[in-house]
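**Q** make a model of this:
(chains A and B)
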Amino acid sequence: AQSVTQLDSQVPVFEEAPVELRCNYSSSVSVYLFWYVQYPNQGLQLLLKYLSGSTLVKGINGFEAEFNKSQTSFHLRKPSVHISDTAEYFCAVRGATNKLIFGTGTLLAVQP
Amino acid sequence: GAGVSQTPSNKVTEKGKYVELRCDPISGHTALYWYRQSLGQGPEFLIYFQGTGAADDSGLPNDRFFAVRPEGSVSTLKIQRTERGDSAMYLCASSRGTNNEQFFGPGTRLTVL
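**A** Numbering: from 1, shown residues only, chains lettered A, B, ... in the order given. Below you'll find the model as predicted:
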């Protein structure tokens, strides 16, 4: 069975500091991984995805993630965060029939 | 173009009542998904439609939950005899095909009193 673990429920960080949000996955089949962002009272928006090819994936809003097969990780990074990045971030793996299996989410709280 | 829309945005009902939640996918998207997101949790898969048929309903929690997509476009999630534990955000997503990116709607927040 496939699963996703986001160990950090909340990550506080100061504005303009770098940030890393951790994601580990479990899968016995080909892995397709995603990061979604959810702003308050809004739906989910795709930040980036890994389907194949380069293990370093660049997404919107200056975010990037690196697929690491040996460590079964797909951590999300941004070199300098803004107040507007405050949101809930979800890592997900694609399961059978293309359904997404999500982690429990990480709240990124950017402080001035 | 228009994104995925869901109505109503908020629904408050009483325990035991019947509710219907509607999802309008992006035009031309053949795949449609329903997810449920409880407070403090990630979304959990409920059901997937490819066209008019439910290709995977393994996430429906029990037989009080049912969903339809009669014409391969709009979908309705139906919940009978609602319980307080059904309170959650219900999200709908659509994609052009099975292996394409899913686009999410804003969700319907269901509160069962």
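**Q** and residue 82, how many neighbours does it have?
**A** Chain wasn't specified; assuming chain A. Other residues within reach of A:His82, judged by other CB atoms under 10 Å in any protein chain shown, total 12. C-beta coordinates here come from the backbone N, C-alpha and C atoms, glycine included.
**Q** actually, chain B is the one I wanted.
**A** 21.
**Q** how much space between it and chain A?
**A** As judged by CB to the nearest CB, to the nearest Å, B:Thr82 and chain A stand 22 Å apart.
**Q** what sits against the residue nearest to A:Gln38 when sequence neighbours are not counted?
**A** Residue nearest to A:Gln38 in three dimensions, not counting chain neighbours: A:Glu88, with 4.5 Å by CB to CB, 6 or more residues apart in numbering or on different chains. Contacts for A:Glu88 were tallied using CB atoms under 8 Å, 6 or more residues apart in numbering or on different chains; they are A:37-38, A:105-108.
**Q** among those, name the buried ones.
**A** Neighbour-count burial (16 or more other CB atoms under 10 Å in any protein chain shown) is assigned, among the contacts of A:Glu88, to A:37-38, A:105-108.
**Q** out of the contacts of A:Glu88, flag the one nearest to chain B.
**A** Nearest to chain B, judged by CB to the nearest CB, of the contacts of A:Glu88 is A:Gly105 at 5.2 Å.
**Q** so who does the closest one touch?
**A** Taking CB under 8 Å, 6+ apart as the contact definition, A:Gly105 lies against A:6, A:9, A:38, A:88-90, B:40-42.
**Q** list the ones among these that fall in strands.
**A** Judged by DSSP state E, those include A:38, A:88-90 as members of strands.
**Q** and the residues you listed, which two are furthest apart?
**A** The span of the ones in strands among the contacts of A:Gly105, defined through CB to CB, is set by A:Gln38 and A:Tyr89 at 7.6 Å.
**Q** now stretch B:24-32: how far from the chain's centre is it?
**A** Offset of stretch B:24-32 from its chain centre (CA atoms, centre = their mean, to the nearest Å): 13 Å.
**Q** and the contacts of that stretch?
**A** For stretch B:24-32, the surrounding residues in contact (CB under 8 Å, 6+ apart) are A:98, B:1-7, B:23, B:48-51, B:69, B:72-75, B:92-98, B:100, B:102-103, B:105.
**Q** and with 6 Å instead?
**A** The contact list for stretch B:24-32, computed with CB atoms under 6 Å, 6 or more residues apart in numbering or on different chains, reads B:4-5, B:49-51, B:74-75, B:94-96, B:98, B:103.
**Q** with stretch A:25-45 instead?
**A** A:2-4, A:46-51, A:65, A:72, A:74, A:76, A:87-94, B:104-107.
**Q** what's the ChimeraX line that selects buried ones from the contacts of A:Gly105?
**A** In ChimeraX, this line selects whichever of those come out buried by 16+ other CB under 10 Å:
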select /A:6,38,88,89,90 /B:42
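**Q** so can I have JSON lines of the contacts of A:Gly105 showing pLDDT and distance to A:Ser27?
**A** Output for the contacts of A:Gly105, formatted as JSON lines (pLDDT from 0 to 100; distance: CB to CB, whole Å):
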{"residue": "A:Gln6", "pLDDT": "96", "distance to A:Ser27": "15"}
{"residue": "A:Ser9", "pLDDT": "95", "distance to A:Ser27": "23"}
{"residue": "A:Gln38", "pLDDT": "93", "distance to A:Ser27": "23"}
{"residue": "A:Glu88", "pLDDT": "96", "distance to A:Ser27": "23"}
{"residue": "A:Tyr89", "pLDDT": "98", "distance to A:Ser27": "20"}
{"residue": "A:Phe90", "pLDDT": "97", "distance to A:Ser27": "17"}
{"residue": "B:Gly40", "pLDDT": "86", "distance to A:Ser27": "24"}
{"residue": "B:Gln41", "pLDDT": "90", "distance to A:Ser27": "20"}
{"residue": "B:Gly42", "pLDDT": "93", "distance to A:Ser27": "16"}
